[in-house]
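Chemist: here is my input; please provide its structure:
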Amino acid sequence: MLTAEPRPYQSEPLEVFYERGNILLAFDTGLGKTYCAIAAAEHLLETAQVDRVLLIVPAGLKYQWAEAIAAFTDLPTQRKRFKNEWITIPDSRYCMVIDGTVAKRKKQYAMAQDTPSCNYVIVGFDNITNDERYVKRLQADFAVLYEATAIKTLSAARTVAIKEKIRPTWRMALTATPIDNRPDELFSIMEWVDAEVLGKGEYFDLAYIERDQYGNVTGYKNLPVLRRRLGDAMYRKSVDDPDVAPFMPDRKILSWPVEMDRATREVYTKMAWDLLEALDSALEASGGRSFSVASHYAGTKRPDESTPVGRAMSRHMAMEMLLDHPEVLFASGLAYLSTDDGDDGSQYAADVVYDDDFMELTYSPKLWLLTEKLDRLMADPECKVIIFTRYRRMLELIQYTCDERGWGAVSYHGMLNTAEQQAARARFLTKPDCRVFVSTHAGERGTDLPVANWLVNYDPVWSSGQADQINGRHMRTSSTHTDIFVANMFYTGSVEDRKIEQQAKKREVSRAIIDGDMPEGGIIRNDVTSLRKHVLEWLQLSDPEGMIDYEISQ
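Modeler: Got it, this is the predicted structure:
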């Protein structure tokens, strides 16, 4: 039984769900998607319409969901220890979290299957592919897919597995960002929620996406029609809606621009020339066709530097590493040189770190600015700060800076096991002397941190959806602050500046579909042509003499 009443704006989507049997709940971050899913589960269990609920969530959020079930229901609970931190979750007779080794998971599945009172089973995305037969035996009647963007890529193994293996009568997908980059991501999610709403993929593409003769996306069309087609199969709520705003803290978005020092600019400009050369080679190799920069960044693997496109992307990535801190670029080069096959790190980074100008770099203007800002923020004893960065090495440098100043920082990243991640989050939430939470993008989705009043993006991301997810980590109805802040750090005029501009353009297209109140967006050009233009503009300002020679050679 629920122990918390729904907020007014949460009741209607639940009624829609009970009538439809499926829904994509596209609430902004912090509006209570988790509560709605648990409320729906409790209703279906109490009315005997289902016997078991399967919750499919990112691996690092399994116990956070168990905590939410304990908080919102009257199920008997237990205390679980992670390192030196404790959390409260339901007794395993009523809610089983599938976690651990293969042997341990096998026993957990068996206990859940053989225990009639075990109404909740929480699994990670990988469990769907790795533990197929055990998941199938659970025979769950209601499945909740949290962070449904996990199935946004049509051809991904995870997407195929979930769509083929998890098809219960009742289905609920949850995400604040159903579109990270492109409308077809929404199509993939809706195939699982209700395949009839948007029809077949080939017709969807013809109706809403414009492509050139090579298949590259050149624009979008009929976006208002697409929003109408979704109807009540996607229920959307924004933090700005009048019935939502009173429950949310006031959030302010700030810019913290960074100016390059002379030494950094010289190295960055050299790298810009290398990137321009690589882009020209990639353009020539592709016969004039463009390629998507964002798609090459979307994966977790480093660029394949044996290809023209891979060489361009490795140079772009190296420039971003340099802007974070010279040590990040050095670490990438060292990782490449430390393995026999160069499987780790970047070959290009390994070349750059031997450049005489690079070896003279002694500090990072960006880290210096962050430290100065944090010194001021920490003067307020109630202040707690979340810092996101893409690179593990940068996380370590920020952690070291915080430790030197006694700010009690904790780190959160993908190399930590579940216990370590849960302990880091619990410490930040409960310990007044733990004031900084430093995370890679492993913590960007679902890691709720309502005790923070500041969030700093140390480096920008490509996707507007990813940015919105990150920026919502402390934007919660449960926030302990009335005013919260997001600060974006970037070097003026650099590739970082360009990425933030791209985020804004992508957000317009996304809002046109999911909110229905924006004009139709144009194409977001993350391709070789627009990137090349950006690099040329930088070089015209920073190295005009070199540009003269370049134009002559052209």
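Chemist: am I right that Lys80 falls within a strand?
Modeler: Yes. Assigned with DSSP: H, G, I helix; E, B strand; the rest coil, Lys80 falls within a strand.
Chemist: beta-bridge partners for it, please?
Modeler: For Lys80, the beta-bridge partners are Ile87 (DSSP bridges).
Chemist: against Ala423, how distant is it?
Modeler: 11 Å (CB to CB, to the nearest Å). All C-beta atoms are positioned from the backbone trio N, CA, C, and that covers glycine.
Chemist: who has more neighbours, those two?
Modeler: Set Lys80 next to Ala423 and count neighbours by other CB atoms under 10 Å: Ala423 wins out with 21 against 17.
Chemist: which strand or helix spans that one?
Modeler: Using DSSP states H and E, Ala423 sits within helix 418-430.
Chemist: got the contact list for the residue nearest to Glu360 when sequence neighbours are not counted?
Modeler: In space, not counting the residues next to it along the chain, Glu360 is nearest to Ala263; the distance is 5.8 Å by CB to CB, 6 or more residues apart in numbering. By CB atoms under 8 Å, 6 or more residues apart in numbering, Ala263 lies in contact with Asp357, Glu360, Leu361, Thr362.
Chemist: which of those fall within helices?
Modeler: Among those, the members falling in helices (DSSP state H) are Asp357.
Chemist: would you confirm that Ala245 contacts Val239?
Modeler: Yes. If you go by CB atoms under 8 Å, Ala245 and Val239 touch, sitting 6.8 Å apart.
Chemist: check which residues of the one helix or strand Lys104 maps to are buried.
Modeler: Secondary structure assignment for Lys104, by DSSP H and E: helix 102-114. Neighbour counts over helix 102-114 (16 or more other CB atoms under 10 Å) mark Arg105, Gln108, Tyr109, Ala112, Gln113 as buried.
Chemist: and those, which is closest to Leu329?
Modeler: Closest approach to Leu329 among these (CB to CB): Arg105, at 39.8 Å.
Chemist: got a list of what that closest one touches?
Modeler: Counting by CB under 8 Å, 6+ apart, Arg105 touches Ile98, Asp99, Asn127, Asp131, Tyr134.
Chemist: same deal with Met321?
Modeler: By CB under 8 Å, 6+ apart, the residues touching Met321 are Val328, Leu329, Ser332, Ala349, Tyr391.
Chemist: quick check, it in a strand?
Modeler: No. Met321 sits outside any strand when classified using three-state DSSP, being helix.
Chemist: distance of it relative to Lys505?
Modeler: For Met321, the distance to Lys505 - CB to CB - is 25 Å.
Chemist: how about Asp180?
Modeler: Using CB to CB, Asp180 is found at 14 Å from Lys505.
Chemist: now swap in Phe330 and tell me
Modeler: Counting by CB to CB, the gap from Phe330 to Lys505 is 33 Å.
Chemist: neighbour count: those two, which is higher?
Modeler: Phe330 (21 against 15).
Chemist: now the helices for the stretch 451-554 of the chain?
Modeler: For the stretch 451-554 of the chain, the helices defined by DSSP state H, counting those that start in this stretch occupy 464-471, 495-514, 528-542, 544-553.
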